[in-house]
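Asker: Let's see this in three dimensions:
(one chain, ligands or ions: 1)
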Amino acid sequence: MSNKKPYRGRFAPSPSGALHFGSLIAALGSYLQAKSQQGSWQVRIDDIDPPREVHGAAQDILQTLQAYGLNWDGDVIYQSTRSRSYEQLLAKLSDLNLSYACACTRKIIKLQGGLYRGTCRNKHLAQHKHALRINLHNLAQPVTHFHDRLQGDVYLNALEATEDFIIKRKDGFYAYNLAVVIDDIYQGITEVVRGSDLLSTTGKQISLYKLLNVQEPDYIHLPVAVTAPGLKLSKQNHALAIDKENPVPTLLKALDFLGQPAPLAMHTQDCSKILDWAVKNWSLSSIPKKSEIKI
Ligand code: GLU
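Answerer: Reported below is the predicted structural model:
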């Protein structure tokens, strides 16, 4: 997308634990990409999944970003305050026949091979009792690939990318793919920079943009940090929280990871000076074009 709108990027952590090295990569990469274009960098706390939320994590993440000199623009947005917008969009999708209720359990879908095959699309089940799915059958052109500014042309698993995905869960919580699109639109995000672990969700999200008739943002999916092939650092596998007291060594390591090693003269500086250097010297083409890197 070549858009002339002012650049707006974002970092959107889920508060399911402290910031670890893997999430620092997404924060730093999105920050440098935004700031190198004099853009704004927003922080949004994706707190729409209370069962997975860890008490105090949101505050801790924000303090860690500040300790690393990653200062955001404007106010932090909390998805937990955005229910009205999600409900309005759900009502609109329902009115336009672009969503439907689905009673399939995970177990049933697993038995059918792991992908949802539109079983409930024409059943007209009561909306309030079940999960809600988007109806992608209305899309003139199914989204099975997209262009990533780092990874190049990405071809997705077509069946997975075009399945009618969940937009509201049976337990009443909003689905990530719904909330991320509506909030990125609301915040005017022009480019999404995040970990390549989210590559497979991008087709679904672009489908939603198309149904809403809104231009999707540009995408950059950064390599994710893994401890062994396929094993990403994550809150789920208890990745260690990064050091808030002594951030410089971790910040330098994160710059190395992104292919932007700071010169030795920078190693004795504070985070803000290192970030100034990194913004000036940021080179998208130096980031390894990989989906994962072992650390
Ligand atoms: N909240 C999501 C996560 O922490 C990321 C959302 C996104 O960048 O699209 O995995």
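Asker: three-state assignment of the closest residue to residue 13 other than its chain neighbours?
Answerer: Distance criterion CB to CB, 6 or more residues apart in numbering; nearest residue to residue 13, sequence neighbours excluded, is residue 61 at 5.3 Å. Just so you know, the C-beta spots here come from the backbone N, C-alpha and C atoms, and that holds for glycine as well. What DSSP: H, G, I helix; E, B strand; the rest coil gives for residue 61 is helix.
Asker: Neighbours of residue 61, how many?
Answerer: Residues near residue 61, counting by other CB atoms under 10 Å, number 24.
Asker: Tally up the residues packed near residue 90, please.
Answerer: Applying other CB under 10 Å, we find 19 residues neighbouring residue 90.
Asker: before we move on, the earlier item: wait, the residue nearest to residue 13 sits on residue 20?
Answerer: No: in this structure residue 61 lies outside contact range of residue 20 using CB atoms under 8 Å: 10.2 Å.
Asker: What residue, apart from its backbone neighbours, is nearest the residue in the stretch 51-200 of the chain that the ligand sits nearest to spatially?
Answerer: Proximity of the stretch 51-200 of the chain to the ligand (CB to the nearest ligand atom) peaks at residue 194, 3.7 Å away. Residue nearest to residue 194 in three dimensions, not counting chain neighbours: residue 26, with 5.3 Å by CB to CB, 6+ apart.
Asker: For burial, what's the neighbour tally of the one you found?
Answerer: 23.
Asker: Tell me how far residue 275 lies from the ligand.
Answerer: 20 Å (CB to the nearest ligand atom, to the nearest Å).
Asker: And that residue, how close does it get to residue 248?
Answerer: Applying CB to CB, to the nearest Å, the value for residue 275 to residue 248 is 11 Å.
Asker: before we move on, what about residue 115?
Answerer: Counting by CB to CB - residue 115 and residue 248 are separated by 46 Å.
Asker: Which one's more surrounded, the two?
Answerer: When neighbours are counted by other CB under 10 Å, residue 115 and residue 248 differ, and residue 248 comes out ahead with 19 against 13.
Asker: Identify the residue nearest the more buried one in space, chain neighbours excluded?
Answerer: residue 271 (6.4 Å).
Asker: Isn't the one you found up against residue 247?
Answerer: Yes: proximity of residue 271 to residue 247 meets the contact threshold set by CB under 8 Å, at 5.5 Å.
Asker: Same drill for the two, tell me which one is more crowded.
Answerer: Under the neighbour definition other CB under 10 Å, residue 271 and residue 247 were set side by side, and residue 247 has more, 21 against 18.
Asker: helix or strand for residue 153, which one?
Answerer: Assigned by DSSP states H and E, residue 153 belongs to strand 152-155.
Asker: Packing partners of that strand?
Answerer: Counting contacts by 3 or more CB pairs under 8 Å, 6 or more residues apart in numbering; DSSP states H and E, strand 152-155 is packed against strand 145-148.
Asker: who's in contact with the strand it packs on?
Answerer: 153, 154, 155, 156, 199, 202, 203, 206, 219, 220, 221 (CB atoms under 8 Å, 6 or more residues apart in numbering).
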